[in-house]
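Colleague: Have a look; sequence and predicted model below, questions after that.
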Amino acid sequence: MKLKIVRAIYFNHSVVREGEQIETVEQHGRELVNKGYAIALKEDEAIAEPTEPKKSSKKRKE
């Protein structure tokens, strides 16, 4: 279950701040939503994780 955190929580040995996204099991996710710590996200609403830019493989001319 994908969640967007609305109050800072301790999750997976670190603090997750407001606005960050996490993925957890269904039961834990429902508990966080019911307590007001998170809101559930649909799969298509989840923000893609940033990826590192691809490095150019152009060969240098000499």
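Modeller: Good, I have the coordinates. Residues are numbered from 1 along each chain as shown.

Colleague: Residue 30 and residue 20: what is the separation?
Modeller: 19 Å (Cβ to Cβ, to the nearest Å). In short, each C-beta sits where N, CA and C put it, glycine included.

Colleague: Show me which residues of stretch 30-47 are buried.
Modeller: Residues 32, 37-38, 41 are the ones in stretch 30-47 that count as buried (16 or more other Cβ atoms under 10 Å).

Colleague: Pull the most distant pair out of those residues.
Modeller: 37 and 41 (13.8 Å; Cβ to Cβ).

Colleague: Which of the buried residues of stretch 30-47 fall in helices?
Modeller: For these, the ones inside helices are residue 32, with DSSP state H as the criterion.

Colleague: show me where pLDDT drops low in this protein?
Modeller: 44-62 (pLDDT under 70).

Colleague: got the residue ranges for the strands in this structure?
Modeller: 2-5, 9-11, 14-16, 21-23, 38-40 (DSSP state E).
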